[in-house]
Structures are given as structure tokens and as C-alpha cells.
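> Fold the following for me, if possible:
(2 chains)
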Number of protein chains: 2
Amino acid sequence: MFSCWLSRLCGGLSTPTGRVTHLIQGSLSRRLMLSSQRRIPELNSFVARTNTCGELRSSHLGQEVTLCGWIQYRRQNIFLVLRDFHGLVQVVIPQDESAASVKKILCEAPMESVVQVSGTVISRPPGQENPKMPTGEIEIKVKSAQLLNTCKKLPFEIKDFVKKTEALRLQYRYLDLRSFQMQYNLRLRSRMVMKMREYLCNLHGFVDIETPTLFKRTPGGAKEFVIPSREPGKFYCLPQSPQQFKQLLMVGGLDRYFQVARCYRDEGSRPDRQPEFTQIDIEMSFVDQIGIQSLIEGLLQYSWPSDKDPVVVPFPSMTFAEALASYGTDKPDTRFGMKEVLPVFPKANRNWNSPVAKSIMEEQRSELIRLMEIQEDGVVLLTAGEHRKACSVLGKLRLECADLLEARGLVLRDPALFSFLWVVDFPLFLPKEENPGELESAHHPFTAPHPSDIHLLHTEPKQVRSQHYDLVLNGNEIGGGSIRIHDAELQRYILATLLKEDVKLLSHLLQALDFGAPPHGGIALGLDRLICLVTGAPSIRDVIAFPKSFRGHDLMSNAPDSLPPEELKPYHIQVSWPADSEAEKSSLNQPYHPES
Amino acid sequence: MFSCWLSRLCGGLSTPTGRVTHLIQGSLSRRLMLSSQRRIPELNSFVARTNTCGELRSSHLGQEVTLCGWIQYRRQNIFLVLRDFHGLVQVVIPQDESAASVKKILCEAPMESVVQVSGTVISRPPGQENPKMPTGEIEIKVKSAQLLNTCKKLPFEIKDFVKKTEALRLQYRYLDLRSFQMQYNLRLRSRMVMKMREYLCNLHGFVDIETPTLFKRTPGGAKEFVIPSREPGKFYCLPQSPQQFKQLLMVGGLDRYFQVARCYRDEGSRPDRQPEFTQIDIEMSFVDQIGIQSLIEGLLQYSWPSDKDPVVVPFPSMTFAEALASYGTDKPDTRFGMKEVLPVFPKANRNWNSPVAKSIMEEQRSELIRLMEIQEDGVVLLTAGEHRKACSVLGKLRLECADLLEARGLVLRDPALFSFLWVVDFPLFLPKEENPGELESAHHPFTAPHPSDIHLLHTEPKQVRSQHYDLVLNGNEIGGGSIRIHDAELQRYILATLLKEDVKLLSHLLQALDFGAPPHGGIALGLDRLICLVTGAPSIRDVIAFPKSFRGHDLMSNAPDSLPPEELKPYHIQVSWPADSEAEKSSLNQPYHPES
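This next block holds a predicted model:
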């Protein structure tokens, strides 16, 4: 098989101008609608302040206010800029003798000290307004001040323009959280999840149900953390998802379940992964694939931040086969073209500046030129080989080219554009990597086969497509789900006969399917990745309050950490120190050579 | 010291009749208000059915409907009762020849099989209406039916009146969840938490922030589960609460944090405790004790289920000393009286039917009679001893007496009455149980001392009261919190000098306090216990979808479970089998004798 793709570098890339205009209009009217519906939260209830620093405007002129915040700047002992989570405000330090104690407090407190000030909102003198500052028309004439806490010398400045290494940011995460960007990311995340809850719970009758995280090993659950119990040799495991529980809830007649679920996966050191992560976990009874997709489209539209262009629904859909052939991946970035094509070769004649040209027959060249609308100085990239591998190589080249083009200033992947895509009709099974004669689930063993392919299950299982669907956003998989198997016999056949799994580990689930399980399906959205894309953050660590480093460490508290052997005794475990370990060895433990 | 209390058995117990009338009126008008505000969730979106079974009424007459549900009963192959999460509806099985296939499906499917039926909503024939059934005026004339799944023989009947052992219910939890009571409990929990989120997030600007559960050992964290990492000898711990993180978020300027937080505590086998549990976790900057208390009163009032009497605020408040003296406990059930009193003794003379009577002087008797309004056949219970212990004994006797009285038919503790109480001014420190010469924190080491008692910290630390507050409901502690220490020096002094803790484990928190920590405080509500009290469930296991047994087992899936030794290798641990263990021993492991 032979695949190739064409990029006319710098030429003919469609820019969706018309659409952008349309969306901006839509966005504006939507924001107006939302702001009239939305009740503004009361940010000053139950506390000492009367106002936040960031909210003060000319409309507050003359008001007596009490503010609490951090000292951001001080200029010549005359002005001080006070910061809270909401913004900055200028405070005038009183200069008269009678206010000497207030002046002393405000002039001597180090930067980032915490103060409470009371005073009057006044206009800035003409010409001294700061139009770049939301509170730039006013300032605070202070009457009293109180030093709530002093600040020692900081390891770095809080100002956003001061660059810090990520390791330093993570070590002093509580300081890093004071930055505008981290406040924005975490607050957007909170609001967006709240909107999702409103949509699911209040509009569509979903029930928020908490499922256990102390569970048992799932078949093939090689990436599950283990937790020793007080019974010798018995371990809990932290599940990678609430998959079994959500299906059991459907068997239990809960009908519509959701959970913002903490999940765990021990992948060792992998960049941009976290050992604990969060998914929006959903399951419904009596639903089909279209039902779940419509639900999710509505969910994202409803919860989308109002400062972004609104989400357009329905999302386009593409089969796995099509995604592989056109984009060389199952998660295509559809913000730009440069698709792969599968040419049918005949007739052509030009100067082809490539050693590959020799292998292409004359008649194939002209057909390529026609098919790909090749013009002078066009570039054609070709691969030959096994279909999936050839497609995949081109898929990677496509993204490399996009990088190269963007490095030269062309915007191919507009960061303000959110291009959602459903990828459907995945294969149900894949050949096992370590033993291609055997099968493994392409996703998980509970995925229902495609109804059109059920007859192939006994004869050609590799040809069976599944009822799995992935949600892709700008080239990232942000969700996946499926219609599940609700027939106990089919589930047993797939687990035991096709996958050769030990069904004993899943006997409770198989038994549940025997006792009147309704047809059901669901999905999980990766919340960290989704928020990362929405905020445009460079890493998921920027949308998590206290992330682990890529090696799984908490750089602030130094977790994981050593434990004295006596704290392991109640759990009937001891450390097996590797022979070359520098760490202190316990006399209770025998070293052994770990597997390489 | 000498304490006693008086109960005039069966006499003079105040019943709050007037209040009940008032509350019922309030409750009615509140419900009307709520129902006009509340948008009713759409329960049939995205799925095959047009209606739920439980929602059909005479207003639906003539409508063509499609229903999905479980077969609850069948009567003489003529009627069938279909059930979903919303209720029951009667379906008429067609008897004519042309509908033979429909009849076959509906008559042959075993109970609890899942079917989808389509048909028309019709009136029941006159005289056959069932006024006890919400859908009792109508029935469904079926046109088509589909068997979605059959049900094998069940281990117990789903009907609520069929009693099952709890072990059986937990083993087949997915069947138990179909019961009316479990559906009610889980749905009420979901709705109540959603209302709490609306109050915190939408009305008061709180930010929902997820904090890590893979953390490190906290000082004195003897009840924390340990999780081996891939680094030899390094362990994560599952935290008992997000305490450190929520304080660090305040240092990070997040201002108002909340989280419905999963917490972990390894207490071995204790009845009505769970190794993982959930708390509504809250922290605020620039707040005092009254601020937190008002916030929580508003939160409970706002989120209280509309089918219960509304919550009356503010809640009464009582000092720890007063609670101990009057009720013999720090969590008094204030739904009934029978308080303890501290009499000052003189003059009296009656027939006292008790051996203790000899020890009481004549003048003390008459004062007792006066003070306690003792009448003929009254009962007085007296204890003598160290204040705290004497009070505590009387507190237990008070509850025993309430049990005895209620067993005789007197309602002392009205289950429909919710009696909230703040308990405040706890001691900051307690003598260590194992070594009374040393101090330990009465709650946790981050609790701020009472401002009036700060001067005693260096001289008489045992006399220092704290800014800790507990929320008590009907004799159960459902929440607790405090104003925290935000001064690094004070925190160091308490940790290192008074508590003799290793401050290295908390160096990150101490450093954070040095870098401009705002004054802050917070609270955590025990969600499982709260929902248990609201629903009147006999155990917290009845408000958790998949609880562990009191021995920490998941009876459905059999967790915790054994693991093959090779799955422990990546974590550099091995099992230390007790010498008498029957379990299979790994050749890698050496047995040792565990501590008794």
C-alpha cells in the first residue's frame, strides 16, 4: 500500500474568515444573555473587608472601604499598590504627622506583606489616571492600617513577567499560585466544572455518585498503585477509572450517573502525565452512541467559558479508518488541512526533484499532479509501507511541517480556535504487542461490538469494529467512551475465549450482568487536559493546584518520602532494597536484584 | 467535685408543639417558593424512552409513550408492573392473537428482566384505580415490547419489605441499589451536595480546588494508608484531610476554597467508620470564627432538602465547659433536656431511696429538691469524682435513660427534629494519653489559640482555649474547624517547644507562613454522617453507594485481595508473613513475628 500527502507550503491554506466574524457576533450576544441570567457571587460576605481591591471603580467614589491584600509595589513612600485575587488598587500613604503610625506600617512592611487598610475611594488627580489598570481612575485615601503578617525575603518575585524555572515554581507552589495566570486557570477550572454540574445535575437529572478509590486489582491493571491493608498479603488498588462501579450503578437502576472522579495511574516517569488525575465520568442507561455524543456536545456548549468563542454543535465525526488515512492518527488536529490522500496512480511528466521519483511511473505522476493540484514549487511527501505505519509516519510529518511553518510566522493552528471531532468505529481488538497472535482490547473489555459486525466475532474477531468513540480537540484526545456489553454471555465469551483473561477477578461484574442489566453506555472526559487546552496553558501542571513533577514528586513537601520500618509493620510489608541502593538498609529486609 | 442530674421520668418533658406548627407553615411556603424557582430536570433527554414510569398521570391520557424498566410484578398474565428509578406503572398485557409476540415477551420474561414497551396511556376502568400509587389512575395499553435483558434467579427479592442481612445486601450491592430507600438516599445526597456547591460557588465566590491524595506522612499521622512508589523505600500517604493544602491555598491568595474532598483514615475495624470518607472542606482568608459559623448556617439552610422542616439560624452556641457540665459530652443531643446540674448543697429532709443518701447532708437534700424541682417519685442520678469523668458518666447515663424512655414509647428524640449546636472554646491542648506529662493538640497543631488566652501559652499552656469550633447535630459531631495560626513563629513554638514534633516534616508549611500568609480559618463537614442524619438512615453505609464492611472489606468484589509477588517488585516491597499465617508464603519473603 502506498500513501502520501501534499502540502503547498505557504499557499492556499484556507483561513476561516467568514466563520470567525460569525462567531464573534454569536459570542457577544451570548455573553449579554449570560450576564443577565447570571447572579454575581458575593465576594465580601463573612469577612473583614468591604470590597475586593480589583472591583473598585469611579462608581465607588466617596465610599468608605476596608481592603485586605498583599503589598505589590511601593513608590517613594507615597503610593502603595495593594493586590488581592481580584486585582490591584493604588493606596495613597498619608504624609501628615497625625497619621504617622499608619505611614510607618505602610512604609516599613516588606513587599508581599499582608495588610488591612480602611479609607475613602477618591479620584486620582487629573492626568494621573492609569487607563491600563481597571481601577486606574481611583485610589484609596487611607485612614487606618493594620499589618496582618510580614513577609520574609522571597525566593522569587510574584510579578508575572519575572520568569522562574518550573522546579522553583513547584517548590514554592503557594507563591506561584499568587500569579495572575494560576489564579485565572484555577478559577476558570472551578467555574467550568460548576457549569458542567449544573448541566448534568440540574438540567438533565444526573446523580452525582461517589465511588470507592480503595478497590481491587482489575485484569490487566498493571498501572495500578497498590495499598497494603492490615491483613497480611492483602492489598487494595487505586483504580484507573470508576469503570466497573459506573456499570454496576446502571445495573442498580441509578439511570444517569456522573462524578468528577479522581483516578490513578502509575506510569512511572512520563512527561505531562500525573499519577493522579481527574475525569468527568458519565454513564447512562437505555442510551446509544448518538445519545452520549449529543449529551457531551450540549455539556461543552453549556459549560464553555464566556470569554471564549462559543462551541458550535454538532461536532463533526470521522471513522477511525478515515482519520488514519487522512491524518495518520486517531486524534487529528482538524484546525488545518494538509491531509493525506490515497492516490490511484496513472500518467504524468514533470521534473521531480526526489530520489523517490524513479520508483514512480510516468502515468502515476500526472495523476498525482491532478489529484493533489500540484503547482510549480509544490512539495509532495510520500511514504510507502504497511498501511497503518505509513499513515502514522505521514501524520507525524504533517505536524512537523506545521511546526516549521508556524516557526516562520504562519498561523496554522489558531490557539483561539477549538476544533472538536468525534472519532468512531475503532477496531474492538488489537493484536497483542508482545504476542501478535493473541488479541487485546483496543480500549477495555467492556466495550460493545458494533452491531453490524457481531457476526464476525466468532470468525474474524480482528475485523470487528466497536461502539467506542473518542472526542478529539485540536489534536488531543480529551475523552473516550463506549456503549457497553450488557449481555453476560457475550461478556464472558469476549473475556474468557477471545481475551483469555481470568474471569474470576470480574465475577461480580459478570454476575451483575446476569441480574437484569439495562443497556448502557458512557464516556469520560479528561478534565486536566481539557482545561489545559481551554486556558492555553503550556502543561497540565498549570491547571492543577499542586501537581507532581514528571517524576511523580511533590517538590514542595518532598513526597514520596521514607518511612521508618515500624510504620510498615501494621501492613505486613518490608522494603526490598536493591543491591546497589545507597539508601539505609533495614536489618529486617533482604536485598534482592530488581528486574531490569 | 460533685455533679449530678435529675430526670423527672415521664414528666414535664417539654414538647416543642408551637415550634412545629410554625415550622410546618414555613416549610410549606418555602417549598412553593422553591418549586417556582427550580427548573425541573429533563429525565428523558438523549435516550430511547419518552417518559419515566413514575411520572405518568391522568394528564398524559391518550399520549403515545415508550418506557424502559424492570418487571416488578406480573398478575395472571394480564397485568405487569414496570419499575424504573422514578416509580411504578401498570402495563396491560395484550390478549388478542395479533399481539401474540408481545404477549409472549411480557409473559415469559422472568421478574427483574429489563423491557422496553411502547403504547398508549389510558384510564384504568372505574373502580380499579389505585389511590396508593402515584400512577394509580392510569395504565399503559401496550402495542410493542422488546426484551432488553433477562434476569436469572436473584439471591433476594428487590421489594423493600423483604428483609435481607447487610452482608447479603453488600455482596449484591447493585441489586440493593434498586431499592426505594437506596435510590432516595443517593439522590438526596447528590441534590444536597449540588445545592451546597451553588451556595459556595455561585453565591459566595468560592473556588472548587482539587488537592492531591498522594501526599506524604503528616506528623502523628499514624492512621494514614501508605502507598509504595517505584523508588525503593519511598512511600506516598493518603491524607486524612486536605488540611495543609487548604492552608497553602490561602497563602497562595485563593481567598475562598472549597472541595468535596475524599479523605482516608486507616482505623482498622471500627463499626460505622469507613476507610475512605467524604468531607465538605472549606477555607477562607480574612475571616473570624463568627464568619465561618454564619457561612455554614447559610450553607445548611440553603442546601437543606425541601421535604424536611427548614433549618432555623443562627444555631445556638455553647462552650465546651458548659457542654461538659450540662450534658457530659462535647456533642450534646439538644433535642431533649434532662441536663446535668452542679448543685451547691444545703438543707433538706425526705425519704431518699438510695444508699448514696447517707453521704448527703440534710441541708444538701432540701437544696437538691428545690434546685431540681424534685417531686414525689422523682429520680435523681448522682455521680462523684473527677469533674470530666463524672460529667462523662452522667452524659452516658442521660442517653441510656433516653433509650429506656423511648423503649417505653416516649418520643424524646424526634427524628424529624434537627437540633444544631455550635460547641466552642475547646482547650487547645490535652495531656497525652500515654504520657500525661506531655501535651498533644486537642484537634490539630494548626489551631489558633483563643486571643484572650495567648498570654498563658508560655506559662500555663494547659489552660489555653482554642479558636476551634465543632458543629453538632442531634448529638453527633458533623463538622469541626478553627481559625488557624498564620504566624510562623507561633506555629514553630507550638510545634517544636510545646508539642515536641519533628518540624522538618512541616518545613514547607512553616516556610509558607513566613512568606505573607493571610489570617485564615475554615471548617470541614462530615458529609456521610450529615446525609445519614438527614435521611434517617441506620448507618453511614446506607448513604454510600459502595461502602466497605466494618472490617474494611468490599464484599462485592472481595477487596482487599492477594497479589502475586511479581506485582509488588516494581514497588520494592515484599510481604512479611506472620509466622502463624495460613496464607501462601513467597520464597522471597522472610516471616517475622508481628508486634502484638
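> ok, now which ones touch the spatially most central residue of chain A?
With distances taken as C-alpha atoms, centre = their mean, residue A:529 lies nearest the centre of chain A, 1.0 Å away. When contacts are counted by C-beta atoms under 8 Å, 6 or more residues apart in numbering or on different chains, residue A:529 touches A:476-478, A:540. Every residue, glycine included, has its C-beta placed from N, CA and C.
> quick one: which helix or strand includes it?
Using DSSP states H and E, the element containing residue A:529 is helix A:527-535.
> still on that earlier bit, widest-spaced pair of the contacts of residue A:529?
Checked with C-beta to C-beta, the contacts of residue A:529 reach their widest spread between A:477 and A:540, with 13.2 Å between them.
> Mind checking which of the two has more residues around it?
In this view residue A:477 and residue A:540 are compared by other C-beta atoms under 10 Å in any protein chain shown, and residue A:540 has more residues nearby, 20 against 15.
> Just confirm the more buried one contacts residue A:533, I think it does.
No. Assessed by C-beta atoms under 8 Å, residue A:540 is found out of contact with residue A:533, at 9.6 Å.
> any low-confidence regions in chain A?
Along chain A, segments meeting pLDDT under 70 span A:1-39, A:220-221, A:269, A:341-346, A:348-353, A:580-596.
> again, only using 50
In the predicted model of chain A, residues A:1-37, A:344-346, A:348-349, A:583-596 satisfy pLDDT under 50.
> per-domain residue ranges of it.
A:2-21+A:336-407, A:55-149, A:183-320+A:418-543, A:562-596 (automatic domain parsing).
> now check the second one, is it near chain B?
Yes. Where contact is defined by C-beta under 8 Å from any C-beta of the partner chain, part of domain A:55-149 touches chain B, namely A:68, A:70, A:83-85, A:112-114, A:116, A:148-149.
> So which of those residues belong to strands?
Secondary structure assignment by DSSP state E places A:68, A:70, A:83-84, A:114, A:116, A:148-149 of the residues of domain A:55-149 next to chain B in strands.
> closest to residue A:408 among those residues?
residue A:83 (39.5 Å).
> residues in contact with the closest one?
Counted by C-beta under 8 Å, 6+ apart, residue A:83 has contacts A:53, A:69-72, A:178, B:253.
> Would you mind giving those as CSV with neighbour count and distance to residue B:434 added?
Compiled in CSV, those are given as follows (neighbours: other C-beta atoms under 10 Å in any protein chain shown; distance: C-beta to C-beta, whole Å):
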residue, neighbour count, distance to residue B:434
A:53, 26, 49
A:69, 29, 45
A:70, 25, 43
A:71, 22, 46
A:72, 19, 49
A:178, 24, 42
B:253, 25, 41
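> For whichever residue of the stretch 51-200 of chain A sits closest to chain B, the count of nearby residues, please.
As assessed by C-beta to the nearest C-beta, chain B sits closest to residue A:177 within the stretch 51-200 of chain A, at 2.9 Å. Neighbour count for residue A:177, taken as other C-beta under 10 Å: 24.
> ok, it - contacts?
Here residue A:177 is in contact with A:183, A:186, A:545, B:248-249, B:251-254 (criterion: C-beta under 8 Å, 6+ apart).
> can you tell me which of those are in strands?
Among the contacts of residue A:177, no member falls in strands (DSSP E).
> re the thing from before, need the contacts of residue A:83 in CSV with distance to residue B:437, can you?
Listed next are the contacts of residue A:83 as CSV, based on distance: C-beta to C-beta, whole Å:
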residue, distance to residue B:437
A:53, 49
A:69, 44
A:70, 42
A:71, 44
A:72, 48
A:178, 43
B:253, 41
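> Quick check: residue A:492 touching residue A:510?
Yes. Residue A:492 is in contact with residue A:510 according to C-beta under 8 Å; the separation is 6.0 Å.
> hey, what's in contact with both of these two?
residue A:503.
> Confirm that residue A:146 sits in a strand.
Yes. Counting by DSSP: H, G, I helix; E, B strand; the rest coil, residue A:146 falls inside a strand.
> circling back to that earlier point, how close does the residue nearest to the centre of chain A sit to residue A:238?
20 Å (C-beta to C-beta, to the nearest Å).
> Quick one: residues contacting the residue of the stretch 251-400 of chain A found nearest chain B.
Relative to chain B, the nearest point of the stretch 251-400 of chain A is residue A:252 (2.9 Å; C-beta to the nearest C-beta). By C-beta under 8 Å, 6+ apart, the contact set of residue A:252 is B:173-178, B:182, B:545.
> can you check residue A:111 too?
Counting by C-beta under 8 Å, 6+ apart, residue A:111 has contacts A:71-74, A:151, A:154.
> Kindly recompute the last result at 6 Å.
Shown in contact with residue A:111 (C-beta atoms under 6 Å, 6 or more residues apart in numbering or on different chains): residue A:71.
> The stretch 301-450 of chain A: helices as residue ranges?
If DSSP state H, counting those that start in this stretch is used as the criterion, the helices of the stretch 301-450 of chain A fall at A:320-327, A:362-371, A:387-407.
> Return the most buried member of the ones you listed.
For those, the stretch with the most neighbours on average is helix A:320-327, a mean of 21; neighbours defined as mean count of other C-beta atoms under 10 Å in any protein chain shown.
> Hey, what's the angle from that helix to helix A:387-407? Just curious.
On the basis of axes from the mean of the first three to the mean of the last three C-alpha atoms, to 10 degrees, helix A:320-327 is oriented at 50 degrees to helix A:387-407.
> what sits up against helix A:320-327?
A:330, A:332, A:339-340, A:342, A:391, A:395, A:423, A:425-426.
> Measure how buried the residue nearest to residue A:541 when sequence neighbours are not counted is and give me the count.
Excluding the flanking residues, the one nearest residue A:541 by C-beta to C-beta, 6 or more residues apart in numbering or on different chains is residue A:547, at 4.0 Å. Counted with other C-beta under 10 Å, residues neighbouring residue A:547 total 22.
> From the centre of chain A, point out the most distant residue.
Per C-alpha atoms, centre = their mean, the most distant residue from the centre of chain A is residue A:97 (55.8 Å).
> Any idea what residue A:381 is bridged to?
Per DSSP bridges, the residues bridged to residue A:381 are residue A:5.
> do you know how far it is from residue A:358?
Counting by C-beta to C-beta, the gap from residue A:381 to residue A:358 is 17 Å.
> Looking at those two, which is more packed in?
Each of residue A:381 and residue A:358 has its neighbours counted (other C-beta under 10 Å); residue A:381 has more, 19 against 8.
> Please report how far the more buried one lies from residue A:400.
Residue A:381 is 10 Å from residue A:400, by C-beta to C-beta.
> so what's residue A:287 bridging to?
Going by DSSP bridges, residue A:287 forms beta bridges with residue B:47.
> Please report the distance of it from residue A:246.
Taken as C-beta to C-beta, the span from residue A:287 to residue A:246 is 13 Å.
> Next: residue A:265.
17 Å.
> same check, this time on residue A:474
27 Å.
> Show me which of those two is the more surrounded one.
Between residue A:474 and residue A:246, counted using other C-beta under 10 Å, residue A:246 has the larger neighbour count: 24 against 19.
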